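# Provided below are the primary sequence and the corresponding predicted coordinates.
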Amino acid sequence: MSPSRITFIAVATSFTAVASLQSLIIPVLSTIGADLGADAVGQTWMLTAWLISAAVATPLLGRAGDLVGRRRMYLVALGAVALGSVLAAFAPNLTVMLLARVLQGLGGAVFPLGFGLVRDAFPAARLAGAIGALSAIMAVGSGLGTVIAGPVSAAIGWRGLFALPLVLAVTGLALGTFGLARSAARATGRINVLAAVLLSGWLVTLLLPLSSGNQWGWGSPLVIGLFAASAALAVAWVSVEVRSTAPLVDMRVMRLPAVWTTNLTAALTGAAMFGVWAYLPRLAETPAGSGYGLGIDASAAGLMMLPMLVTMASVGFVAGPLSRVLPFAAQLTIGAFISGAASLSIALFHSDVLQLAAAAAALGLGTGLVTSSTPNLIVRSVPADQVGIATGMNANIRTIGGAIGTTVFAAAIGATLGAAGLPAESGYVAAFVLGAVLAAIAGLVPFLDRTRSRGRASTADVRAIPVVESPLVEVAEAA
């Protein structure tokens, strides 16, 4: 088997393991909480612990991979996922579960490290297709938990859910240890400690209130103070990075039109995508007596979401070859518009499970195009020694967008209560309309990058940025 194929299989396996942890426990969160004696706040922390850990680890370990070798950090991140999955499966209480979720969150670094490993292993002519397929696998993994959590937990209990990421992580570790060539450092120097502390600080102080604001109160001094601290730390972080001779994140790269427009699109589509993923099953599970819900159980809701995974995977595997006739920027726009149309259709038509399954299929089609094109646009736009941090920041920005999106969806849905204390139908309608608007705006963002109309102008801008070791790899010439 060729080295590039081994690399692809190893990275695809690890992507599925880590991505599944984003949504794996959401459908059974209340069940886990009851078994571990966790109240609503404790259950929220099971999600928050993973979110914060992944947000901090993704850029930092991604940059460490650029400095000391991507294979080494890839194995470290996967080892943390495997250990965290074992701890979660046998967690006797909330404290151990939170520790397990923190360890699992470290696996978020697998995404930038994996894209870097693939860039190193694949020739330019095949790179776009490989990244598109991996992006689809990552997106499918993110939705996989929503689909399988109900049926699996009903059959063998919620602890059995962690067998999936454990087996995949161990497989990825074996392939990485024995199948991946040792990767050389792509950059010199060291991690800027002050920049790392400031980056971690503003991410933590932003994500904490976003995930816990409903429990703490959005107008509470704690929430307001954390948001203010996040803004101050973010300003300080940018100031340090701009002045540093060895920045953690090169702001010249972040300012490239192809990069900042892609990151903005990631934030908007992340908000819409995660919001719909979180609340479409809940809409279907709402009791039929509410006047709008379908009253199906978690297992049926998971099966309803299956078409989304099928279309998402299918699109991802053809996105690379498709780029020869439809550039990635165009795929991004079309995918965002399709996702928006799917969200709007849920708002308007939700009286039958077939309507929602069809909307889920359309959502998968749009999401597949978006998630396949985004990393390709990033990888082809940055120097080789910045791939880890650039793709890591893009993943982080999507995560932050997702946290904001689910929070806003929750606020819209919970704003008005109907019969029996259930959310009113109007709340769901408002939330899914908002998702459609966010996706539509995301589809327009690529037009802000005027360099695309000048062909390779953005690439020329990249070449003006000093590259420590490797030249910029040209990817997907048709894009």
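That came in fine, so what should we check first?
# Now do the helices in the stretch 301-450 of the chain.
According to DSSP state H, counting those that start in this stretch, the stretch 301-450 of the chain carries its helices in the segments 306-322, 328-348, 353-379, 387-414, 425-444.
# So for residue 46, which of these sits nearest?
The minimum distance between residue 46 and the helices of the stretch 301-450 of the chain falls on helix 387-414, with 14.4 Å, by Cβ to Cβ. Where C-beta positions appear, they are placed from N, C-alpha and C, glycine not excepted.
# what separates the closest one from the chain centre, distance-wise?
On the basis of Cα atoms, centre = their mean, to the nearest Å, the separation between the geometric centre of helix 387-414 and that of its chain is 7 Å.
# Which positions within it qualify as buried?
Buried residues in helix 387-414, counting neighbours by 16 or more other Cβ atoms under 10 Å, are found at 387-410, 412-413.
# Would you point to the one among the helices of the stretch 301-450 of the chain that's packed deepest?
Each of those was assessed for mean neighbour count using mean count of other Cβ atoms under 10 Å. The highest is helix 353-379, with a mean of 26.
# name the helices or strands packed onto that one?
Applying 3 or more Cβ pairs under 8 Å, 6 or more residues apart in numbering; DSSP states H and E, one finds that helix 353-379 makes contact with helix 110-121, helix 124-156, helix 257-285, helix 298-304, helix 306-322, helix 328-348, helix 387-414.
# want to throw those helices into TSV with mean pLDDT and distance to residue 34?
Compiled in TSV, those are given as follows (pLDDT from 0 to 100; distance: least, Cβ to Cβ, whole Å):
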stretch	mean pLDDT	distance to residue 34
helix 110-121	85	31
helix 124-156	80	12
helix 257-285	88	17
helix 298-304	83	14
helix 306-322	83	27
helix 328-348	94	30
helix 387-414	80	21
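# returning to that earlier point: and the helices of the stretch 301-450 of the chain: which comes nearest residue 195?
For the helices of the stretch 301-450 of the chain, proximity to residue 195 was assessed by Cβ to Cβ; helix 387-414 is nearest, at 10.7 Å.
# for the closest one, packing partners?
Using 3+ Cβ pairs under 8 Å, 6+ apart, the elements in contact with helix 387-414 are helix 40-68, helix 110-121, helix 193-216, helix 251-254, helix 257-285, helix 353-379, helix 425-444.
# so it versus helix 40-68, what angle?
Here the directions of helix 387-414 and helix 40-68 differ by 160 degrees (axes from the mean of the first three to the mean of the last three Cα atoms, to 10 degrees).
# Let me know the angle separating helix 387-414 from helix 425-444.
Using the same axes, to 10 degrees, helix 387-414 lies at 150 degrees relative to helix 425-444.
# Make 29 the first number, not 1, from now on.
In the new count, where the first residue is 29, that last one comes out as helix 415-442.
# for stretch 167-180, which positions count as buried?
Counting neighbours by 16+ other Cβ under 10 Å, one finds that the buried residues in stretch 167-180 are 167-180.
# likewise stretch 442-451?
Across stretch 442-451, burial judged by 16+ other Cβ under 10 Å covers 450, 451.
# Between the two ends of that stretch, how far is it?
6 Å (Cα to Cα, to the nearest Å).
# Residues contacting that stretch, please?
Residues from elsewhere that reach stretch 442-451 (Cβ atoms under 8 Å, 6 or more residues apart in numbering): 242, 314-315, 317-319, 321, 441, 452-455, 458.
# Poorly predicted segments of the stretch 79-228 of the chain, please.
Filtered on pLDDT under 70, the stretch 79-228 of the chain yields the residue ranges 211-217.
# Can I get the buried residues of stretch 167-180 in a markdown table including distance to residue 156?
Supplementary listing: those in a markdown table, determined by distance: Cβ to Cβ, whole Å:
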| residue | distance to residue 156 |
| --- | --- |
| 167 | 17 |
| 168 | 19 |
| 169 | 20 |
| 170 | 21 |
| 171 | 23 |
| 172 | 24 |
| 173 | 28 |
| 174 | 28 |
| 175 | 28 |
| 176 | 30 |
| 177 | 33 |
| 178 | 36 |
| 179 | 35 |
| 180 | 35 |
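# that older thread, quick one: closest of the helices and strands packed on helix 415-442 to residue 264.
Residue 264 sits nearest to helix 221-244 of all these, at 5.4 Å, using Cβ to Cβ.
# other SSEs contacting the closest one?
Using 3+ Cβ pairs under 8 Å, 6+ apart as the contact definition, the elements that helix 221-244 packs against are helix 68-96, helix 249-271, helix 415-442.
# how is this structure carved up into domains?
Domain ranges of the chain: 31-219+276-491, 220-275, per automatic domain parsing.
# And for residue 65, the neighbour number?
Counted with other Cβ atoms under 10 Å, residues neighbouring residue 65 total 10.
# List the backbone torsions phi and psi for it.
According to degrees, to the nearest 10, the main-chain angles of residue 65 amount to phi 70, psi 30.
# how close does it sit to residue 54?
For residue 65, the distance to residue 54 equals 19 Å [Cβ to Cβ, to the nearest Å].
# what about residue 198, neighbour count?
Look at residue 198: counted by other Cβ under 10 Å, it has 18 neighbours.
# Just the element for it, please.
Per DSSP states H and E, residue 198 falls inside helix 191-207.
# from the chain's centre, how far out does that helix sit?
Relative to its chain's centre, helix 191-207 lies at 20 Å (Cα atoms, centre = their mean).
# Just the pLDDT for residue 447.
pLDDT, residue 447: 68.
# repeat for the one 5 residues further on
At residue 452, the predicted lDDT confidence score is 88.
# Contacts only, for it.
Contact partners of residue 452, counting by Cβ under 8 Å, 6+ apart, are 444, 445, 446.
# go with 6 Å
Residue 452 makes contact with 444, 446 under the criterion Cβ atoms under 6 Å, 6 or more residues apart in numbering.
# Pull the number of nearby residues for residue 192.
20.
# how near is it to residue 173?
Using Cβ to Cβ, we find residue 192 at a distance of 9 Å from residue 173.
# could the helices and strands packed on helix 381-407 go into CSV alongside distance to residue 237?
Output for the helices and strands packed on helix 381-407, formatted as CSV (distance: least, Cβ to Cβ, whole Å):
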stretch, distance to residue 237
helix 138-149, 25
helix 152-184, 23
helix 285-313, 16
helix 326-332, 29
helix 334-350, 30
helix 356-376, 25
helix 415-442, 9
